[in-house]
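J.: below is the structure, and that's it, no one-letter string:
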């Protein structure tokens with residue numbers, strides 16, 4: 001089992017592959033695939049002083065030019 005979902009192919013006409021097991025609700029992130037997946041090459045989770053999951057954040061997040069909503 002690899003890191004990336006092998007069922008998704010890579011070509012200029014297809015969307016980038018997503019990291020297996022990583023889902024995302026941040027639709028205004030450039031790495032959000034428009035469905036539920038993150039397409040970043042790696043994910044960094046931030047807040048060095050977090051004591052619960054509610055205090056963490058995705059340090060990989062990069063905003064899109066405009067916010068998208070479904």
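T.: Received, thanks. Since we're looking at a predicted model, the values are computed, not measured.

J.: please count neighbours and contacts with C-alpha atoms only from this point.
T.: OK.

J.: what count of nearby residues applies to residue 31?
T.: Residues lying near residue 31 (other Cα atoms under 10 Å) number 21.

J.: any idea how far residue 37 is from it?
T.: Distance from residue 31 to residue 37, counting by Cα to Cα, to the nearest Å: 8 Å.

J.: kindly report the same for residue 45.
T.: Taking Cα to Cα, one finds residue 45 at 16 Å from residue 37.

J.: with neighbour numbers in mind, choose between these two.
T.: residue 37 (20 against 11).

J.: what about the residue lying closest to the more buried one once chain neighbours are set aside, how many residues nearby?
T.: Spatially, and ignoring its direct neighbours in sequence, residue 37 is nearest to residue 23 (4.5 Å; Cα to Cα, 6 or more residues apart in numbering). If you count neighbours by other Cα under 10 Å, residue 23 ends up with 15.

J.: wait, what's in contact with residue 23?
T.: Going by Cα atoms under 8 Å, 6 or more residues apart in numbering, residue 23 touches 36-38.

J.: for those residues, give me CSV that also has pLDDT and secondary structure.
T.: Formatted as CSV, those follow (pLDDT from 0 to 100; DSSP: H, G, I helix; E, B strand; the rest coil):
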residue, pLDDT, secondary structure
36, 90, coil
37, 90, strand
38, 91, strand
